[in-house]
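In: Show me the folded form of this:
(4 chains, ligands or ions: 2)
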Amino acid sequence: MKNINEFKLIIESKGVNEAFSRAVVSAFVSPADPTIEELTDIKTAVSEAVTNSIVHGYKNSLGNVYIEGSIDENNVVKIKIKDKGVGIEDVKLAMQPLYTSGDDNRAGLGFTVMQSFCDRVKVSSSLNKGTTVTLTKKIKGKAL
Amino acid sequence: MKNINEFKLIIESKGVNEAFSRAVVSAFVSPADPTIEELTDIKTAVSEAVTNSIVHGYKNSLGNVYIEGSIDENNVVKIKIKDKGVGIEDVKLAMQPLYTSGDDNRAGLGFTVMQSFCDRVKVSSSLNKGTTVTLTKKIKGKAL
Amino acid sequence: MINLDSAGELLIVHIVGDIDHHTASEMREKIDNKISVKKPKHLILDFKDVHFMDSSGIGLVLGRYRLMQNFKGTVEIRGVNKQTKRIFELAGIGSVAIIREVQ
Amino acid sequence: MINLDSAGELLIVHIVGDIDHHTASEMREKIDNKISVKKPKHLILDFKDVHFMDSSGIGLVLGRYRLMQNFKGTVEIRGVNKQTKRIFELAGIGSVAIIREVQ
Ligand SMILES: Nc1ncnc2c1ncn2[C@@H]1O[C@H](COP(=O)(O)OP(=O)(O)O)[C@@H](O)[C@H]1O
Ligand SMILES: Nc1ncnc2c1ncn2[C@@H]1O[C@H](COP(=O)(O)OP(=O)(O)O)[C@@H](O)[C@H]1O
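Out: Ligands and ions are numbered 1, 2, ... in the order given. Model prediction:
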């Protein structure tokens, strides 16, 4: 499907950019007239992935987070969140509900949230190179 | 001054991205706690520059608009809007109030608006290569 | 978005939403269609639901002013807030249209 | 933002704003300070002014639950809306805290 719009964003791995990236994605998707629930789903999934890049990928040191978004003629939204951080050794394990390598403030449910709020979550990662998460969700939009 | 945050955004020269770029810049500046007026000033100036890239730079054909933003320790916000479009032959003339090369829906006041809403507007352009506009504005923010 | 309301020689245009180059073109078309059909003596542009406007709003008003001039009609701008007022003042719109601020 | 209100054995924490990893850490600190000082029997976390929350909100609740466990206190979550409820349900928070939705 042909994209009707796309963007690329580079941000720094700073906590304040969790909210910033949510706002950017929200503004990008808005012209497709999503329901509040669809918009919240996407914002939540993006927030999880960006947080993971900051907290796990860069372990709170400074690096860039690369976010690419597109929306196609069928209202399929794709958001790719990429970091050049430590990477994930065992992606399958990492995606298990409740698994976390973080401290006890992390619930280990980030991937679970992404999966339950998006149609598809693709994770590719390589150790010491970084991680890319691609979120896909079709917007049905508001009934007229 | 050291930047406390920065971003890079690449968008396409599509009308819908005038609103998108305003929303992005607005979300970026918000943590500095600007007044509504300061925020509107910045959004308006960005809207003018991005519109110029779309309408004049690319003459409504498709190209990329590059937006870079930073905010430093003194709350000085810098937003750079760049296109690789037709460029401006005579920048001084182009910046004259009421000058426009566009149709009569353009008022020729885009640069005037940028200048009156920002502390500084820098324009560099070269023919057939493109145009870069740098907007600078210090946020005083809300009194506590 | 544009809501149109006409009564006798008066056409009231209620503009809703942000005005930029992108949104202005659709607004323009709708207003001009109505003007050509109705040929009103007075055009009122109500900005009370415009929360953002860049210089495209000036072009929007000036273009409608020119059209109204063709048959000696007048233009009034209503419901102007602090931000839209600043843009209109920058352009000296006061010399072609009556400007009324929000109460 | 966090507003704290305590009466006898009860501590009511009113959370205002988005909850993500970044904002949660500050909230956590304020709540835990108060818990350590007051040692309440019942903790109520009021989410009615939380309009966005990701899985960091789960960590926020679970961590406070663990702290309250230390002196056999209970936790109640109040003012949960449709979105925050979905996140809590995903985590099965219902088994550690009473959840009350917004009326
Ligand atoms: N971008 C990333 N870089 C490195 N490791 C990651 C990344 N994203 C996720 N992980 C790993 O996957 C685990 C599970 O992630 P998640 O389900 O989001 O839960 P949480 O963030 O609460 O730990 C993380 O604890 C971490 O070990
Ligand atoms: N990015 C750009 N690329 C090419 N030409 C530009 C660009 N920005 C401005 N210009 C030129 O400068 C003129 C004045 O711009 P401006 O003051 O914004 O008024 P307007 O956009 O209403 O024409 C434009 O009409 C155009 O000729």
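In: The residue in chain C positioned nearest to chain B: what's it in contact with?
Out: Nearest to chain B in chain C, going by C-beta to the nearest C-beta, is residue C:22, at a distance of 3.1 Å. Any C-beta I mention is one placed from the backbone N, CA and C, and that applies to glycine too. Residues in contact with residue C:22 (C-beta atoms under 8 Å, 6 or more residues apart in numbering or on different chains) are B:15, B:16, B:18, B:19, B:51.
In: Can you list the buried residues in the helix or strand hosting it?
Out: Per DSSP states H and E: residue C:22 is located in helix C:21-38. Buried positions in helix C:21-38, judged by neighbour count with 16 or more other C-beta atoms under 10 Å in any protein chain shown: C:21, C:22, C:23, C:24, C:27, C:28, C:31, C:34, C:35.
In: now swap in stretch A:65-72 and tell me
Out: Using 16+ other C-beta under 10 Å as the test for burial, stretch A:65-72 gives A:65, A:66, A:67, A:68, A:69, A:70, A:71.
In: what about the helices in chain C?
Out: C:21-38, C:56-69, C:82-90 (DSSP state H).
In: same thing with chain A?
Out: Using DSSP H, helices in chain A cover A:16-29, A:36-52, A:91-94, A:110-117.
In: how about the helices of chain C, which one is nearest ligand 2?
Out: Evaluated with C-beta to the nearest ligand atom, the helices of chain C place helix C:56-69 nearest to ligand 2, the distance being 7.0 Å.
In: who touches residue 29 in this structure?
Out: Since you didn't name a chain, this refers to chain A. For residue A:29, the contacting residues are A:38, A:39, A:42, A:69, A:71, A:77, A:139, by C-beta under 8 Å, 6+ apart.
In: and the helices of chain A as a markdown table, adding mean pLDDT?
Out: Shown next, in a markdown table, are the helices of chain A (pLDDT from 0 to 100):
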| stretch | mean pLDDT |
| --- | --- |
| helix A:16-29 | 98 |
| helix A:36-52 | 97 |
| helix A:91-94 | 97 |
| helix A:110-117 | 97 |
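In: wait, which of these is closest to residue B:94?
Out: For residue B:94, the closest of the helices of chain A is helix A:16-29, at 29.3 Å, according to C-beta to C-beta.
In: how about the CA coordinates for the closest one, as CSV?
Out: Only the C-alpha atoms of helix A:16-29 are listed here, as CSV (Å, rounded to 0.1, in the frame of the first residue of the first chain):
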residue,chain,number,x,y,z
VAL,A,16,11.3,14.0,28.9
ASN,A,17,11.2,12.6,25.4
GLU,A,18,8.9,9.8,26.3
ALA,A,19,6.1,12.4,26.4
PHE,A,20,7.5,14.2,23.4
SER,A,21,7.5,11.1,21.2
ARG,A,22,3.9,10.3,22.3
ALA,A,23,2.8,13.8,21.3
VAL,A,24,4.6,13.6,17.9
VAL,A,25,3.0,10.2,17.1
SER,A,26,-0.4,11.4,18.2
ALA,A,27,-0.2,14.5,16.0
PHE,A,28,1.0,12.4,13.1
VAL,A,29,-1.9,10.0,13.4
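In: how near is residue C:26 to chain A?
Out: From residue C:26 across to chain A, the span is 13 Å (C-beta to the nearest C-beta, to the nearest Å).
In: In chain C, which residue sits nearest chain D?
Out: Closest point on chain C to chain D, by C-beta to the nearest C-beta, is residue C:51, at 20.0 Å.
In: That residue: neighbouring residues, count only.
Out: Counted by other C-beta atoms under 10 Å in any protein chain shown, the residues lying close to residue C:51 total 14.
In: what's near enough to touch it?
Out: By C-beta under 8 Å, 6+ apart, the contact set of residue C:51 is C:17, C:18, C:81.
In: The same query, at a cut-off of 10 Å, please.
Out: B:40, C:16, C:17, C:18, C:19, C:81, C:83, C:84 (C-beta atoms under 10 Å, 6 or more residues apart in numbering or on different chains).
In: Tell me what the residue most central in space within chain C is bridged to.
Out: Chain C has residue C:45 as the residue nearest its centroid, 3.7 Å off, counting by C-alpha atoms, centre = their mean. Per DSSP bridges, the residues bridged to residue C:45 are residue C:13, residue C:77.
In: sorry, back to before: just the pLDDT for the residue of chain C closest to chain B.
Out: On pLDDT, residue C:22 comes in at 96.
In: Could you do residue C:3 as well?
Out: Value listed for residue C:3 in the pLDDT field: 88.
In: Bridged to it, which residues?
Out: Legend: beta-bridge partners of residue C:3 under DSSP bridges are residue C:14.
In: Surely it touches residue C:44?
Out: No: applying C-beta atoms under 10 Å, one finds residue C:3 not in contact with residue C:44, separated by 11.9 Å.
In: So which of these two has more stuff around it?
Out: A side-by-side neighbour count of residue C:3 and residue C:44, using other C-beta under 10 Å, places residue C:44 first with 20 against 12.
In: Contacts only, for that one.
Out: The contact partners of residue C:44, by C-beta under 10 Å, 6+ apart, come to C:5, C:10-14, C:74-79, C:97-98, C:100.
In: Thank you, goodbye.
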